[in-house]
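Could you work out the structure for the sequence below:
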Amino acid sequence: MTFHEMWADLAPIGRHADSGGYRRYAWTGADADCRAWFRAQAEARGLAYETDRNGNQWAWLGDPLAGDAVVTGSHLDSVPDGGAFDGPLGVVSSFAALDELRARGVEFTRPLAITNFGDEEGARFGLACVGSRLAAGQLTKEKAYALRDADGISLPEAMAAAGYDPEAIGADPERLARIGAFVELHVEQGRALDLSGDAVGVASSIWPHGRWRYDFAGEANHAGTTRIADRRDPMLPYAETVLAARREAELAGAVATFGKIAVEPNGVNAIPSLVRGWLDARAADEVTLDQVIGGVRQAALAHAERHGVELAVTRESFTPVVEFQHALRDELTRILGEKTPVLGTGAGHDAGILSASVPTAMLFVRNPTGISHSPAEHAAEDDCTAGVLALADVLEGLACR
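From the prediction side, this is the model:
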């Protein structure tokens with residue numbers, strides 16, 4: 001299959017008819033279909049297919065146990081109503097890059113693997129990069145077992161229902177020790193390449209980022225009969241905290257977003273008893289991020305106290321700044337040309353998680369609008385082709401020496 005044939009084959013899976021976005025959540029039917037697609041692509045190319053203890057998929061060319069392997073790939077899951085390119089572009093491009101190298105008649109001197117990491121977006125269980133975090137030992141089995149979706153289904157229950165063994169999950173140092181380099185291609189989630197006029201760029205670093213849950217607990221009451229003076233309405237301090245997050249981010253040159261909310265009892269004519277909101281915050285460095293988070297928390301406490309509401313703040317995840325290995329990053333720019341732009345990103349990736357265990361690097365493909373996590377996410381056909389060729393050049397330079 002060509003890149004475009006693979007893209008067309010994958011495109012219908014998990015696409016919602018009304019929104020046009022994707023709902024490929026971990027351990028669901030759409031996820032199973034994506035996994036079946038990956039396996040079919042691997043087997044059609046004569047690659048050795050396997051699923052590791054954490055549900056991540058691998059397709060091997062050469063001996064998986066030989067060590068010093070060059071690995072590429074990304075993920076196939078999505079955020080709610082996400083775009084087509086975030087994750088899948090990297091996986092489809094990996095298979096297409098292998099096809100390109102075979103067409104060139106190159107000789108591989110190192111094992112090559114293509115991977116699909118599970119539950120990268122964290123849309124179902126609220127924690128991003130679950131598959132790579134488990135493999136790298138950054139998520140314990142105990143904490144993984146405590147993850148639950150909106151329906152109360154636990155991660156192990158979901159895995160078991162999908163036919164996987166949740167008892168096996170955990171750190172996988174032996175597998176990671178086989179990897180000499182991991183290169184992830186991804187659509188850019190921003191407009192730096194569009195502004196510079198380049199189709200492809202190399203990542204320098206990932207901003208530190210995390211997710212914090214804000215629980216505002218008030219008192220449920222009748223919306224029509226309760227005097228304003230008698231209310232303990234948690235929606236008010238929540239709303240003021242959303243605005244505070246925007247102000248703190250603007251002052252610091254960072255980003256902060258309340259993008260998810262849960263309300264109890266969630267009735268039109270009822271004052272809420274609980275408003276739970278999730279804050280996603282990112283900054284160029286950890287000092288700045290700490291300032292933003294501290295400012296938001298201080299504002300939330302003040303607003304909650306003023307409205308007679310209790311507040312609990314829980315940090316659900318945090319990823320420190322990731323500086324991709326300079327030697328590997330410099331090797332990519334040498335292979336692609338010294339004029340290849342090198343840029344940072346505020347988005348988290350499996351490559352960032354793995355960077356603590358193996359040498360990692362990233363390639364970005366131009367996104368003309370900068371829109372991501374939306375059905376409007378896009379990369380032009382010519383730029384996708386340029387990304388495949390760039391990835392093929394990188395893999396040839398690393399695995400065919």
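
can we go C-alpha only for contacts and neighbour counts from here?
Noted.

and the protein, what are its domains?
3-207+321-399, 209-319 (automatic domain parsing).

Please confirm that Thr257 is located within a strand.
Yes. Assigned with DSSP: H, G, I helix; E, B strand; the rest coil, Thr257 falls within a strand.

The residue nearest to it when sequence neighbours are not counted bridge partners, please.
Nearest non-adjacent residue to Thr257, counting by CA to CA, 6 or more residues apart in numbering: Asp280, 5.1 Å away. Assessed by DSSP bridges, Asp280 has beta-bridge partners Arg211, Thr257.

re the thing from before, can you redo the domains of the chain as TSV with mean neighbour count?
Shown next, in TSV, are those (neighbours: other CA atoms under 10 Å):
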stretch	mean neighbour count
domain 3-207+321-399	20
domain 209-319	18
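
JSON lines for these, including mean pLDDT?
Output for the domains of the chain, formatted as JSON lines (pLDDT from 0 to 100):
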{"stretch": "domain 3-207+321-399", "mean pLDDT": "95"}
{"stretch": "domain 209-319", "mean pLDDT": "97"}
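
So Leu311, which state does it fall into?
strand.

I'd say it and Ala217 touch.
Yes. At 6.3 Å, Leu311 counts as touching Ala217 under the criterion of CA atoms under 8 Å.

residues contacting Lys339?
Contacts were defined as CA atoms under 8 Å, 6 or more residues apart in numbering; by that measure Lys339 touches Thr333.

change it to 10 Å
Counting by CA atoms under 10 Å, 6 or more residues apart in numbering, Lys339 touches 198, 201, 333.

just Ile169 next, same as before
52-55, 131, 134-135, 139-141, 144-145, 156.

hmm, 8 Å instead?
Shown in contact with Ile169 (CA under 8 Å, 6+ apart): 53-54, 134, 141.

and if you look at Glu396?
Glu396 touches 101, 106, 108, counting by CA under 8 Å, 6+ apart.

Looking at the contacts of Ile169, which is nearest His209?
Checking the contacts of Ile169 against His209 with CA to CA, the nearest one is Leu134 at 18.5 Å.

can you tell me the helix or strand for Tyr214?
Assessed by DSSP states H and E, Tyr214 sits inside strand 209-217.

chain center to that strand: distance?
Mean C-alpha position of strand 209-217 versus that of the full chain (CA atoms, centre = their mean, to the nearest Å) differs by 19 Å.

who's in contact with that strand?
Taking CA under 8 Å, 6+ apart as the rule, strand 209-217 contacts 234-235, 237-238, 273-283, 289, 304, 309-321, 346, 348.

same check, this time on stretch 274-287
Contacts of stretch 274-287 (CA under 8 Å, 6+ apart): 207-220, 234-235, 238, 253-265, 289, 292-293, 320-321, 346.

what do you get for stretch 103-117?
38, 55-64, 66-76, 91, 94-95, 129, 131-132, 350, 396, 399-401.

So which of these belong to strands?
57-61, 69-74 (DSSP state E).

quick one: contacts for Pro320?
With contacts taken as CA under 8 Å, 6+ apart, Pro320 has the following neighbours: 207-209, 286.

got the contact list for the closest residue to Ala128 other than its chain neighbours?
Closest residue to Ala128 apart from its sequence neighbours, by CA to CA, 6+ apart: Gly122 at 4.0 Å. The contact partners of Gly122, by CA under 8 Å, 6+ apart, come to 26, 79, 128-130.

Throw the residues you listed into a markdown table and include distance to Ala392, thanks.
Output for these, formatted as a markdown table (distance: CA to CA, whole Å):
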| residue | distance to Ala392 |
| --- | --- |
| Ala26 | 29 |
| Val79 | 28 |
| Ala128 | 28 |
| Cys129 | 25 |
| Val130 | 28 |
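
and the two most separated of the residues you listed?
Pairwise over the contacts of Gly122, using CA to CA, the maximum falls at Val79 and Val130, 13.8 Å.

To which secondary structure element is Trp278 assigned?
strand 274-282.

send the alpha carbons of that strand over as CSV?
What follows is strand 274-282, C-alpha atoms only, in CSV (Å, rounded to 0.1, in the frame of the first residue of the first chain):
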residue,chain,number,x,y,z
LEU,A,274,-19.7,20.0,43.1
VAL,A,275,-17.9,21.4,40.1
ARG,A,276,-14.8,19.6,39.1
GLY,A,277,-12.5,21.1,36.5
TRP,A,278,-9.3,19.9,34.9
LEU,A,279,-6.5,22.4,34.3
ASP,A,280,-3.9,21.8,31.6
ALA,A,281,-0.9,24.1,32.0
ARG,A,282,2.4,24.4,30.1
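
which is the next helix or strand following it?
Taking DSSP H and E, what comes next after strand 274-282 is helix 286-306.
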